[in-house]
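Asks: Quick one: sequence plus predicted model below, questions after.
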Amino acid sequence: MFLDVFSNNGSKYIRISESIRVIDPNTVKSVPKKKTIKNIGPVSKFDDGKPDFIARLKASYAEGNPIIDELRPYINTEVPEEVYNIRICEGTDDCIAHPKLISNLLFEKLLEELR
């Protein structure tokens with residue numbers, strides 16, 4: 001889900017949208033479409049008068065701490081899982097260092113998780 005700002009009769013409005021793919025019956029190809037989840041309202045209703053309100057609003061929504069309280073139920077609280085696949089073969093051109101010297105990279109993430 002993402003914030004979308006659109007114009008209607010010259011006024012800017014905020015809405016929460018989701019990008020989906022549907023199959024076009026005429027061409028039988030998958031095409032992207034926007035699905036509106038919720039219309040929040042006009043920008044003028046929420047604007048605090050500081051510059052770059054829309055950019056700050058989008059950034060705060062992406063960070064998980066939105067400026068507008070109506071957006072809180074739509075925040076994605078799931079943290080994406082990070083997967084690391086490392087394969088180092090000694091003696092090849094891809095090996096830039098000895099594996100013992102790179103081991104701290106593997107343990108750094110583990111220690112960071114454990115704090």
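Replies: Happy to help now that I have it. Keep in mind the model is a prediction, meaning the values are calculated, not measured.

Asks: Leaving out chain neighbours, which residue sits closest to L57?
Replies: Nearest residue to L57, sequence neighbours excluded (Cβ to Cβ, 6 or more residues apart in numbering): I67, at 5.4 Å. Glycine gets a C-beta too; all of them are placed from N, C-alpha and C.

Asks: I'd assumed K58 was in contact with that neighbour.
Replies: No - I67 is not in contact with K58 according to Cβ atoms under 8 Å; the separation is 9.9 Å.

Asks: who has more neighbours, those two?
Replies: Remark: of I67 and K58, K58 carries more neighbours, 18 against 14, as counted by other Cβ atoms under 10 Å.

Asks: The nearest residue to that one once chain neighbours are set aside: how many residues sit nearby?
Replies: Computed as Cβ to Cβ, 6+ apart, the closest residue to K58 that is not its neighbour in sequence is L3, at 5.2 Å. Counted with other Cβ under 10 Å, residues neighbouring L3 total 20.

Asks: and L3, that one's in a strand?
Replies: Yes - applying DSSP: H, G, I helix; E, B strand; the rest coil, one finds L3 inside a strand.

Asks: Next, please give the residue ranges for the strands of this protein.
Replies: In the chain, the segments counted as strands under DSSP state E are 2-8, 11-24, 29-42.

Asks: could I get the ones you listed as JSON lines with mean pLDDT?
Replies: Listed next are the strands of the chain as JSON lines, based on pLDDT from 0 to 100:
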{"stretch": "strand 2-8", "mean pLDDT": "89"}
{"stretch": "strand 11-24", "mean pLDDT": "90"}
{"stretch": "strand 29-42", "mean pLDDT": "90"}
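
Asks: Out of these, which is closest to L105?
Replies: Proximity to L105, assessed across those by Cβ to Cβ, is greatest for strand 2-8 (32.6 Å).

Asks: quick one, that closest one and strand 29-42 angle?
Replies: For strand 2-8 against strand 29-42, the angle by axes from the mean of the first three to the mean of the last three Cα atoms, to 10 degrees is 70 degrees.

Asks: Work out the sheet partners of strand 2-8 and label each with its direction, please.
Replies: strand 11-24 (antiparallel) (DSSP bridges).
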